[in-house]
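J.: Coordinates for the following, if possible.
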Amino acid sequence: MVRITWRANSALSLLSKLRIQWSYMKHCYHSLTFNAHMNSGYATDVCMTPIFWIVDNYTHCLGPFFVVGVALLTASVVSIAYWIGLPFWWAKSQLTTICLLIFGNWLLLNIIFHYVMAVITPAGYPPEGVSHVEAVSMCSKCILPKPPRTHHCSVCNRCILKMDHHCPWLNNCVGYANHRYFFLYMLYTTVGCLFLIVAGLEIGHKYLWLDHSEPWTESEPLEGHPVTFNLSGHIIAVTHPNEYDDILLPPAVHNLPTPIEDPETSSPTRRRALWFMAFTNVAVVIALGSLCAWHAKLITRGETSVEAHINEAETKRLLKQQRIYINPYNFGTKKNWKLFLGLVRGRSFWRTVLLPSWHKPEGNGLSFHTVHDVFFEDEWP
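T.: The predicted structure follows:
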């Protein structure tokens, strides 16, 4: 006799263990999202805590490398523009080249000025040892009173007046004192890259599109058998050069016109530099242009990037109560822009925005006018 033992019990036990593990995972997930205080957003923050820790502790170490990278990238783009673009346009039209030089160097001056000022200008910090009449809360990390619109930067490890965000490309916080420099740097850099793209379209078409291939040369001898055509149209192999000809013809000499190659314009280094310019400028326009447009939207609404999230949450909270949230720092599009750019107390647009200006923002950063205040003409734009 033969005894047959069924092993279905082991498979069932494995399936049971998998079900228990799956139920345990579901229970862990639901335990993090069982009420309003422990929702999926909180669970995401918990999972992202290690990344936040790395950013908070190492961003200030990488900041100087980012600043050097921006300087080297800007210098390389400007050098290539002078190396390739200037001779090309000078050969086409000297008047056009002079106009391009004036406009391009005006953009370059504003880009360098606003970037340097955004890097070296402190964003603004609440003074220590001074009582703040309008302090709205206490900072749980600094254990100091926080004026309105002030937030704690975990990278700088201190509170920042009218904080917008910490920018690693500046190795500095963007806040009350340098927000204008940061925004104008983004604006002028985006316009400058668009200027290089437009001015370089013809150059790219000539050197990257028309002269994109290497000159062709015959590297191997031709192989085959000489043939000739008779009157009937048949192809007949030629065994002797004069089999069908009474006179042995000398080999044909071809003197076809060939294009003259300029070793400078057709060099691989030049083409690589142009590809570098194309990818760099297009990437900057897309990335920095999008960020500039978003900040322009925030300025129009009279808020910073931190306040945008706070105001959005307050709007949703009050909407559930059938109430309307009003941003106390939104004075309308025109006045918001005048305050941000410092077009107050007789300052003109061309001198303040179109040319480099060191003027400080309005106020002291510790208190701000709101839409509920009563203003006097001599102290408000």
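J.: Does Cys173 belong to a helix, a strand or coil?
T.: The local conformation at Cys173, judged by DSSP: H, G, I helix; E, B strand; the rest coil, is strand.
J.: Run through the bridge partners of it.
T.: His166 (DSSP bridges).
J.: list the contacts for it?
T.: 123, 153, 155-156, 160, 163-167 (Cβ atoms under 8 Å, 6 or more residues apart in numbering). For the C-beta atoms, the positions are set from N, CA and C on the backbone; glycine is no exception.
J.: Can you tell me which helix or strand of this protein has the lowest average pLDDT?
T.: The least trusted helix or strand in the chain, going by mean pLDDT, DSSP states H and E, turns out to be strand 235-237, with a mean of 55.
J.: other SSEs contacting the helix or strand that it is followed by?
T.: Next helix or strand after strand 235-237 toward the C-terminus (DSSP states H and E): helix 268-300. Using 3 or more Cβ pairs under 8 Å, 6 or more residues apart in numbering; DSSP states H and E as the contact criterion, the elements in contact with helix 268-300 are helix 49-80, helix 179-204, helix 305-320, helix 333-341.
J.: tell me which element Val130 is part of?
T.: Under DSSP H and E, no helix or strand contains Val130.
J.: how far away is it from Tyr82?
T.: 51 Å (Cβ to Cβ, to the nearest Å).
J.: Repeat that for Leu100.
T.: To Tyr82, Leu100 is 11 Å away according to Cβ to Cβ.
J.: If you count surrounding residues, which of those two has more?
T.: Higher neighbour count among Leu100 and Tyr82: Leu100, with 18 against 11, using other Cβ atoms under 10 Å.
J.: So that one belongs to a strand, correct?
T.: No - read with three-state DSSP, Leu100 is helix and lies in no strand.
J.: For it, give me its contacts.
T.: 85, 89, 199.
J.: Phe340 against Thr300, yeah?
T.: No - under the criterion of Cβ atoms under 8 Å, Phe340 is not in contact with Thr300, lying 9.3 Å apart.
J.: The two - which one has more neighbours?
T.: Neighbours were counted for Phe340 and for Thr300 using other Cβ under 10 Å; Phe340 has more, 19 against 15.
J.: Okay, that one and Cys28: tell me how far apart.
T.: 47 Å.
J.: circling back to that earlier point, and which of the contacts of Leu100 is nearest Leu73?
T.: Gly85 (17.0 Å; Cβ to Cβ).
J.: Hmm, Leu201 and that closest one touching each other?
T.: No - if you go by Cβ under 8 Å, Gly85 and Leu201 don't touch, sitting 11.2 Å apart.
J.: who wins for proximity to Ser16 among the helices and strands packed on helix 268-300?
T.: So among those, helix 49-80 is nearest, using Cβ to Cβ, at 34.2 Å.
J.: Identify all contacting residues around the next helix-or-strand element following the closest one.
T.: Sequence-wise, the next helix or strand downstream of helix 49-80 (DSSP H and E) is helix 86-92. Residues outside helix 86-92 that contact it (Cβ under 8 Å, 6+ apart): 96-97, 100-101, 199, 202-203.
J.: how far away is the residue most central in space within the chain from Asn281?
T.: By Cα atoms, centre = their mean, the chain has its centre lying nearest to Ala287, at 3.0 Å. Computed with Cβ to Cβ, the distance linking Ala287 and Asn281 is 11 Å.
J.: now Leu14
T.: From Leu14 to Asn281 the distance is 59 Å (Cβ to Cβ).
J.: Neighbour count: the two, which is higher?
T.: Asn281 (20 against 10).
J.: Quick check: closest non-adjacent residue to the more buried one.
T.: Cys193 (4.3 Å; Cβ to Cβ, 6 or more residues apart in numbering).
J.: With Leu108 instead?
T.: Val78 (6.5 Å).
J.: With His151 instead?
T.: Met163 (4.2 Å).
J.: and that neighbour, that one's in a helix?
T.: No - in this structure, Met163 is coil, not part of a helix, as judged by three-state DSSP.
J.: separation between it and Phe331?
T.: Distance from Met163 to Phe331, by Cβ to Cβ: 20 Å.
J.: These two: which is more packed in?
T.: Met163 (24 against 19).
J.: these two touch, right, the more buried one and Ser154?
T.: No - with contact defined as Cβ under 8 Å, Met163 and Ser154 do not form a contacting pair (11.0 Å).
J.: From the rest of the structure, what touches stretch 152-169?
T.: 52, 55-56, 59-60, 62-63, 66-67, 70, 118, 123-126, 139-142, 144, 146-147, 149-151, 172-177, 179, 182, 304-306, 365-366, 368.
J.: same question, stretch 199-213
T.: For stretch 199-213, the external contacting residues (Cβ under 8 Å, 6+ apart) are 81, 84-85, 88-89, 100, 104, 265-266, 270-271, 274-275, 277-278, 281.
J.: what's near enough to touch the closest residue in space to Asn171 that isn't next to it in sequence?
T.: Counting by Cβ to Cβ, 6+ apart, Asn171 lies nearest to Gly63, which is 2.9 Å off, once chain neighbours are set aside. With contact set as Cβ under 8 Å, 6+ apart, Gly63 has these partners: 168, 170-172.
J.: switch to 10 Å and redo it
T.: 119, 155, 166-172 (Cβ atoms under 10 Å, 6 or more residues apart in numbering).
J.: just Cys61 next, same as before
T.: Asn171.
J.: correct me, but the residue nearest to Leu108 touches Leu101?
T.: No - Val78 is beyond contact range of Leu101, at 12.0 Å (criterion: Cβ atoms under 10 Å).
J.: which of the contacts of helix 86-92 sit farthest apart?
T.: Of all pairs drawn from the contacts of helix 86-92, the greatest distance, 16.8 Å, lies between Leu101 and Glu202 (Cβ to Cβ).
J.: Need the max-distance pair from the contacts of stretch 199-213.
T.: Greatest spacing in the contacts of stretch 199-213, by Cβ to Cβ: Gly104 and Ser266 (25.9 Å).
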